[in-house]
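S.K.: Model the following, please.
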Amino acid sequence: MTELETAVHAAQDAGKLLRANFHEPKAVDEALHHDLKLALDKESQDLITGIILEKYPDHAIYGEEGLAGDQSSNHQWIVDPIDGTVNFFYGIPHFCISIAKRVDGELVLGVIYDPMVNELWTIEKGGQPHLNGNPVTVSTREKLEESILFVGCGKDEEALTTGLVRFKKGSLKARKMRMMGSAALGMAYIACGRLDAYIESRISLWDIAAGQLMIESTGGRVDLVPHENNPDVYSIVATNGKIPIEEIL
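M.R.: Numbering: from 1, shown residues only. Model (predicted):
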């Protein structure tokens, strides 16, 4: 089994777990003003970790729910076990599992899996992204007025304010604006031409790593600026590489 096949296996098994529990009561480990942590977040990551480390015991796991494996390894798997936890908790079928791998800091593969509609995006460095085995690419749209933009608002007051300002600017210029609740799915949608851009002022590495490789591998563009107090939190502007997104920044 290749590394990509291992990531696909892990994502699909985690997806089965989440799909089986979608309509069931969900245990809340932590409830914050703009976020939730579920017991299933950790259970999903533990399942993914077990599959990866069984195959590659000397690799590192860097996940939203914690670290595992050999953290000194130059082979690092970046895991978001449920991207869109709040959607999942409220019964909104828009969430995914995101798994990426980087070697010496360079992204080499990514998997994003939406278990509710059984859509699987995959990418390996140097290749083209695929959706359920079929090659995909970013849209050819060049005009904002023809585009659909995804704006995230973050979880603190500053990020919320910035997101809402951008949403208003975009609403006046783009065909449609969306706030959908899963950064990874938003980036997968750009990679296959459904959306044209994603903007957020505060997002974590595990949300965007797989999607970054997918978008950049199709000629799209991902600009990241690390947060001054946390190098694995970024502001992000991801586009099809064609629309003039600076008009709403």
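S.K.: switch to C-alpha atoms for all contacts and neighbour counts from now on
M.R.: Fine.
S.K.: Residue for residue, what is the longest helix this structure has?
M.R.: Counting residues, the longest helix found in the chain (DSSP state H) is helix 3-21.
S.K.: and the nearest residue to E145 once chain neighbours are set aside, how many residues sit next to it?
M.R.: Among residues not flanking E145 along the chain, A174 sits closest, at 4.3 Å (Cα to Cα, 6 or more residues apart in numbering). A174 has 18 neighbouring residues, counting by other Cα atoms under 10 Å.
S.K.: what does the model give A174 for pLDDT?
M.R.: pLDDT recorded at A174 is 86.
S.K.: Contact partners for it?
M.R.: Contact analysis of A174 by Cα atoms under 8 Å, 6 or more residues apart in numbering lists 144-149.
S.K.: V8 - how many residues pack around it?
M.R.: If you count neighbours by other Cα under 10 Å, V8 ends up with 22.
S.K.: Remind me which helix or strand the most centrally placed residue in the chain belongs to.
M.R.: Nearest to the mean C-alpha position of the chain, counting by Cα atoms, centre = their mean, stands A184 at 1.9 Å. Element membership for A184, per DSSP states H and E: helix 183-191.
S.K.: Give me the residues contacting that helix.
M.R.: Here helix 183-191 makes contact (Cα under 8 Å, 6+ apart) with 83-84, 95-96, 98, 112, 114, 121, 129, 136-139, 150, 152, 180, 195-198, 207-208, 210-212, 214-215, 218, 220, 238-240.
S.K.: What remains of these if I keep only buried residues?
M.R.: Buried members of those, scored by 16 or more other Cα atoms under 10 Å, are 83-84, 95-96, 98, 112, 114, 121, 129, 136-139, 150, 152, 195-198, 207-208, 210-212, 214-215, 218, 220, 238-240.
S.K.: for this protein, which spans come out with low pLDDT?
M.R.: Residues of the chain meeting the criterion pLDDT under 70: 32-34, 153-160, 163, 170.
S.K.: tell me the domain boundaries of this protein?
M.R.: 3-135, 144-248 (automatic domain parsing).
S.K.: so of these, which one's packed in deepest?
M.R.: A comparison of those by mean neighbour count, using mean count of other Cα atoms under 10 Å, puts domain 144-248 on top with a mean of 20.
S.K.: and that domain, how far out from the chain's middle?
M.R.: 11 Å (Cα atoms, centre = their mean, to the nearest Å).
S.K.: tell me how far the ends of it are from each other?
M.R.: 10 Å (Cα to Cα, to the nearest Å).
S.K.: mind listing what the residue nearest to D35 when sequence neighbours are not counted touches?
M.R.: Nearest residue to D35, sequence neighbours excluded (Cα to Cα, 6+ apart): V86, at 6.6 Å. Going by Cα under 8 Å, 6+ apart, V86 touches 35-36, 181.
S.K.: picking up where we left off before, how near is the residue nearest to E145 to S201?
M.R.: Applying Cα to Cα to A174 and S201 gives a distance of 19 Å.
S.K.: just E247 next, same as before
M.R.: Counting by Cα to Cα - E247 and S201 are separated by 16 Å.
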